[in-house]
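[1] Here's my sequence, what's the structure:
(2 chains)
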Amino acid sequence: MIPVEAYLDHAASTPARPEVVEAMLPWLAEHPGNPSGAHRLAREARRALDDARDAVAALVGADPGDVVFTSGGTEADNLAVDGVLGARGGVAVCGATEHPAVLDPVRLSGGVVVPTDAGGRIDADALAATLDAVADVRLVSVIAANNETGVVNDVPAVAALVVEHAPDAAVHTDAVQATAWLDLAAATEGAHLVSLTGHKFGGPKGAGALVLRDGATVAPVLRGGGQERERRSGTQNVPAIVGLGVAARLVATDRDAAAARVGALRDRLEAGLLAAVPDARRTVPGGVARTAGVAHVCVPGIESEALLFLLERDGISASAASSCASGAQEPSHVLAAMGVDRDAAVGSLRLSLGHGTTGAEVDHALAAIPAAVARLREHAR
Amino acid sequence: MSAPPVMVAMSGGVDSSVAAALLLEAGREVVGVTLRLWGGESDSGCCAVSDVDDARRVCDALGIEHHVFNLGDDFDRHVVEPYVAAHAAGRTPNPCIECNRHVKFDRLLHRARALGFDRLATGHHARVAVRPDGTRRIARPADPAKDQSYVLHMLGQDQLAGLELPIGDLTKDEVRRRAADLGLRTAAKPDSQDVCFITREHGRGDFLSRRIPLTPGRVVDASGAEVGRVDAVELVTVGQRKGMELAGAAAPRYAVAVDVPAATVTVGPAGDLLVDATPVEGFTWADDPVSGPVLVQASAHGPADEAELVADEVRWAAPHRRVAPGQSVVFYDGDQVLGGATAC
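    Residues are numbered from 1 along each chain as shown, chains lettered A, B, ... in the order given. Below is the predicted model of the structure:
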């Protein structure tokens, strides 16, 4: 029997939607123009870029001039941290469950990492205390939805807290994992800088954006020809940015319906696993808000690496934690910050659903995963 | 019945590349696995990131799945920590043997079975011989210069039943030729050297000095008279000649004993290195325990010498060079491995 395929790794990357691919193709095959040029072909490329800029601005609730296109989420996050510190000096602060694209530059710059609660959300009291204690905080970064667990931070509340305790600080949010599921304008309200990337919501890899609102400024990290209003040099990836723009329009249209449908599938998947796999437990405590796409469980007595091997042979693509971390020997820093003990984290499983996920894929996963866990437990010693 | 699927441990070197290719040619279902064991620095050609890349690209070229297993915790616990502890005690450990014993042929073999692979293959130069009674032994390979039977001596019947060594019948030159014929990128890759977690750039002393205090010590002769100094007693191996600042004396002198608590290395002329017997401990057997006359090999590529195994002692037929405590001694019957133990 040929196994049913189930792609349950949308938090790592989503398939590009057909409309996105169709819109991109002419910009790969037919249009040679460099958007910085002056002639007709260049102006065509420039127009395509600006159409995409309009779409991203509308999605986030910003002016088109606020949108800086980047190569993706990591570059946007790096530009937010290093760019704000480069322009304004001072200290950066972030939570312990941030994506490494924020965490690493914050640490490297000598910034402060604030603990989180058991849900992985930044601890408001600890953040307030840090902002009161450290005089020159110029950036606070808080992830909108966590890439491993889908846990949602209350960004507007964090932004209000920052206004109260460190009015000179800009607020950045990594909204890479939130874009597919949340109304970004509402979910990131109060944040001055917002990162997103196309391939997490039906767009292509290689195009993302840092959106600068309310007069936020960044010193460039990439220097050169002065593209993106001197904020990010380098010829723009026109085909991918066109795709990003189309994905932004699509997600604005059908996000809420997709979130409702996929959220129900996710709940069925998670409930089914907890019922069928003895001792399995949800990694995220009940009552903690999450995006619709992620089911995250810890399965005692097995190792994710072995489980993922068996699942792959059953046609299921999934991850242990984040896809960046696969290959790392240390357990996830997100689970560690949430206080998940190492033994439980060894058996963590992230199943992430997306726009195209079907009930048949969930059924297949519900049949295959308990059997694979049982097999591994039989061989445990 | 079709041949069972096989998991191939692929280091990223030419031997395991060809092992996978031969199994595939034989019509087997093959999956390649590379172990990631050491998170620190490495430049030896065993655990470096570039070696994982090579293994993956060879699997891509062969059209087989490639997986990476992180067994770093096991490697730390069973290989690196005992290695450091052995040096701290003035012994000379063989970490590759401990890796085979605890990681490749215990942890990985166990995982392979849990994942539905009753067969595990490696690119070791050795053979699995089947005796008339159906039991198996590790046996010497076609290429004596590359013989790795010594480092596989700890395998018992359960492990041997699931082990395949596809390149044991080939010489190294033949392995390289097969790899070149197949266009494998590893065809001309140099053999891995040394200990994978110790870099050539910084060396063993640097590695150990970051983990244990190293003891400067005296070098004395058999009479107890000081004849020199060493920076670190823990780094001296019995049999060693170089690296000790020895005054006077015309004839070369060798380390014959290392005493870490006393911070003393005893040296003597070549004759002092010879012993009639070597005490051993920690026996492992391919099948039933053996005693009496055997051939004994005391280093990876050393000679196999005649000896008699009596209780916990190897009694050499002719005076034998001292075996550094911590080194493996391996017992052979002809070209087949009977078992092994550790010199103490």
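[2] When you work out contacts or count neighbours from here on, use the C-alpha atoms and nothing else.
    OK.
[3] Quickly list the domain ranges of chain B.
    As assigned by automatic domain parsing, chain B contains the domains B:6-181, B:215-272, B:274-343.
[4] Report the separation between the two terminal residues of stretch B:327-340.
    End-to-end span of stretch B:327-340 (Cα to Cα, to the nearest Å): 10 Å.
[5] What residues sit buried inside it?
    Neighbour counts over stretch B:327-340 (16 or more other Cα atoms under 10 Å in any protein chain shown) mark B:327, B:328, B:329, B:330, B:331, B:332, B:335, B:336, B:337, B:338, B:339, B:340 as buried.
[6] Just the ones of those in strands?
    B:328, B:329, B:330, B:331, B:332, B:336, B:337, B:338, B:339, B:340 (DSSP state E).
[7] Quick check, the last one in contact with residue B:331.
    Yes - contact status for residue B:340 versus residue B:331: in contact at 5.6 Å, counting by Cα atoms under 8 Å.
[8] what residues are shared contacts of these two?
    Overlap of the contact sets of residue B:340 and residue B:331 (by Cα atoms under 8 Å, 6 or more residues apart in numbering or on different chains) is empty.
[9] how many neighbours does the residue in the stretch 101-250 of chain B that chain A sits nearest to have?
    Of all residues in the stretch 101-250 of chain B, residue B:114 sits closest to chain A, at 5.5 Å by Cα to the nearest Cα. When neighbours are counted by other Cα atoms under 10 Å in any protein chain shown, residue B:114 registers 20.
[10] Please apply the same query to residue B:252.
    12.
[11] and it, what does it touch?
    B:241, B:269, B:270.
[12] State the distance from residue A:62 to residue A:212.
    Distance, residue A:62 to residue A:212, using Cα to Cα: 8 Å.
[13] follow-up on the earlier one: output the domains of chain B in JSON lines, with mean pLDDT appended to each entry.
    Listed next are the domains of chain B as JSON lines, based on pLDDT from 0 to 100:
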{"stretch": "domain B:6-181", "mean pLDDT": "93"}
{"stretch": "domain B:215-272", "mean pLDDT": "88"}
{"stretch": "domain B:274-343", "mean pLDDT": "96"}
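[14] In a markdown table: those, plus distance to residue A:311.
    A markdown table is the format used below for the domains of chain B (distance: least, Cα to Cα, whole Å):
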| stretch | distance to residue A:311 |
| --- | --- |
| domain B:6-181 | 10 |
| domain B:215-272 | 47 |
| domain B:274-343 | 35 |
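[15] List just the one of these that sits closest to residue A:369.
    Set against residue A:369 and scored by Cα to Cα, these come closest in domain B:6-181, at 13.5 Å.
[16] Now render the buried residues of stretch B:327-340 as a markdown table, adding distance to chain A.
    Converted to a markdown table, the buried residues of stretch B:327-340 look like this (distance: Cα to the nearest Cα, whole Å):
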| residue | distance to chain A |
| --- | --- |
| B:327 | 30 |
| B:328 | 28 |
| B:329 | 30 |
| B:330 | 29 |
| B:331 | 31 |
| B:332 | 32 |
| B:335 | 35 |
| B:336 | 31 |
| B:337 | 29 |
| B:338 | 28 |
| B:339 | 26 |
| B:340 | 26 |
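[17] that older thread, in the ones in strands among the buried residues of stretch B:327-340, find the pair that's most separated.
    Once Cα to Cα is applied, those give B:328 and B:336 as the farthest pair, at 16.1 Å.
[18] Could you list the low-pLDDT ranges of the stretch 1-150 of chain A?
    Along the stretch 1-150 of chain A, the parts satisfying pLDDT under 70 run over A:1-4.
[19] ChimeraX command to pick out the buried ones of the contacts of residue B:252?
    To isolate the buried subset of those in ChimeraX, counting by 16+ other Cα under 10 Å, use the following:
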select /B:241,269,270
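[20] Please convert the contacts of residue B:252 to JSON lines, extending it with secondary structure.
    Converted to JSON lines, the contacts of residue B:252 look like this (DSSP: H, G, I helix; E, B strand; the rest coil):
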{"residue": "B:241", "secondary structure": "coil"}
{"residue": "B:269", "secondary structure": "strand"}
{"residue": "B:270", "secondary structure": "helix"}
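[21] Which parts of the chain are helices?
    Went with chain A since none was named. A:18-29, A:40-60, A:73-88, A:100-108, A:124-133, A:155-165, A:184-187, A:238-276, A:304-313, A:333-337, A:342-345, A:359-378 (DSSP state H).
[22] try chain B instead
    Taking DSSP H, the helices of chain B run over residues B:14-25, B:49-62, B:72-75, B:81-88, B:95-99, B:109-114, B:157-161, B:172-181, B:203-209.
[23] Could you pull out the buried residues of the fourth one?
    Just to be clear, that refers to helix B:81-88. Applying 16+ other Cα under 10 Å to helix B:81-88 flags B:82, B:83, B:84, B:86, B:87, B:88 as buried.
[24] okay, the helices of chain B in CSV with distance to residue A:273 next?
    Shown next, in CSV, are the helices of chain B (distance: least, Cα to Cα, whole Å):
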stretch, distance to residue A:273
helix B:14-25, 37
helix B:49-62, 33
helix B:72-75, 28
helix B:81-88, 39
helix B:95-99, 36
helix B:109-114, 21
helix B:157-161, 35
helix B:172-181, 46
helix B:203-209, 46
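[25] now for the ones you listed, which one comes closest to residue B:306?
    Closest to residue B:306 of these, according to Cα to Cα: helix B:95-99, at 22.8 Å.
[26] What lies in contact with the closest one?
    Counting by Cα under 8 Å, 6+ apart, B:75, B:78, B:79, B:80, B:83, B:151, B:152, B:195 sit against helix B:95-99.
[27] Good, we can wrap up now.
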